[in-house]
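**Student:** need a structure here:
(chains A, B, C and D)
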There are 2 protein chains.
Amino acid sequence: MDARTKSHCEARAKIIKALAHPSRIFMLEELAKGEHSVCELTEMVGADISTVSKHLSVLKNAGLVTDDRRGQQVFYTLRVPCILKFFSCVEAVLQANALEHNALLR
Amino acid sequence: MDARTKSHCEARAKIIKALAHPSRIFMLEELAKGEHSVCELTEMVGADISTVSKHLSVLKNAGLVTDDRRGQQVFYTLRVPCILKFFSCVEAVLQANALEHNALLR
DNA sequence: CATTTGCTTGGCTATTTTGCCATGCTTCCA
DNA sequence: TGGAAGCATGGCAAAATAGCCAAGCAAATG
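**Tutor:** So this is what the prediction gives:
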């Protein structure tokens, strides 16, 4: 793996890592339906607000969401719609795994 | 986030985590072109064979690849072709980020 | 058989990630 | 202007990951 390929893979890994957490996946899906404030997301996720805030900064840092301060609240929006296709592939893997699992049980 | 949703998100996170490493991304792309033995992949990645073997077991555990022993060698194959679309979305994010970055420089 | 080759696994340390608490900052309202 | 509401950040401890070496196991080869 040459240096060029390596740095490219690292860049991609950085983005995928941002996706690799249950709470962040959940939030992205909620944001796909429409913007939400940190408060709302905190409520939905059910974790400390500081935790949610850090998760959001991870997503923002990866370029997956954007934030918009309006008054006291900060609203987050999904920046990359193709993320949903992304998840549908993961869904396909899950289904394939489930099928495989059932086949082994027989 | 109710229990059902939570476990679903966790299942997806598990798969995405398996994708969240430069070497594993690289290997998946190589495997997309055709099967490879552990030896070959080790050569391509440029890490210890035990490291590569563990990476492969992570991918296998997530249901992303399958292995096939033939003689002394074990050949790995990509199990889920849609992974490539997955990456193309990541690519789109990278490009969007690059554009954003340039815009800020101006 | 004994050895070599190809791969996996155990064990260990170093690094990264996660989540909470405490604190600080910004905006709004009384 | 003082305080409250909404978020972000620093700091810390616990947990998860990553990488290598050493050791083990399976198949081929002599």
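**Student:** Between helix B:83-105 and the longest helix anywhere in chain A, find me the angle.
**Tutor:** What stands out as the longest helix in chain A, according to DSSP state H, is helix A:83-105. Interaxial angle of helix A:83-105 relative to helix B:83-105 (axes from the mean of the first three to the mean of the last three C-alpha atoms, to 10 degrees): 160 degrees.
**Student:** now helix A:83-105, how far from the chain's geometric center?
**Tutor:** On the basis of C-alpha atoms, centre = their mean, to the nearest Å, helix A:83-105 sits 18 Å off its chain's mean C-alpha point.
**Student:** for stretch A:65-74, same thing?
**Tutor:** Taking C-alpha atoms, centre = their mean, one finds stretch A:65-74 lying 18 Å from the centre of the chain it belongs to.
**Student:** go on, stretch A:29-38?
**Tutor:** The chain centroid and the centroid of stretch A:29-38 are separated by 11 Å under C-alpha atoms, centre = their mean.
**Student:** what does stretch A:97-106 give?
**Tutor:** 28 Å.
**Student:** and it, does that touch chain B?
**Tutor:** Yes - using C-beta under 8 Å from any C-beta of the partner chain, we find that stretch A:97-106 touches chain B at A:N97, A:E100. C-beta coordinates here come from the backbone N, C-alpha and C atoms, glycine included.
**Student:** Go through that stretch and flag the buried ones.
**Tutor:** By 16 or more other C-beta atoms under 10 Å in any protein chain shown, the buried positions in stretch A:97-106 come out as A:N97.
**Student:** and that stretch, average pLDDT?
**Tutor:** Here the mean pLDDT over stretch A:97-106 is 84, rounded to a whole number.
**Student:** Residues in contact with it: which ones?
**Tutor:** Residues external to stretch A:97-106 that are found in contact with it (C-beta atoms under 8 Å, 6 or more residues apart in numbering or on different chains): B:G63.
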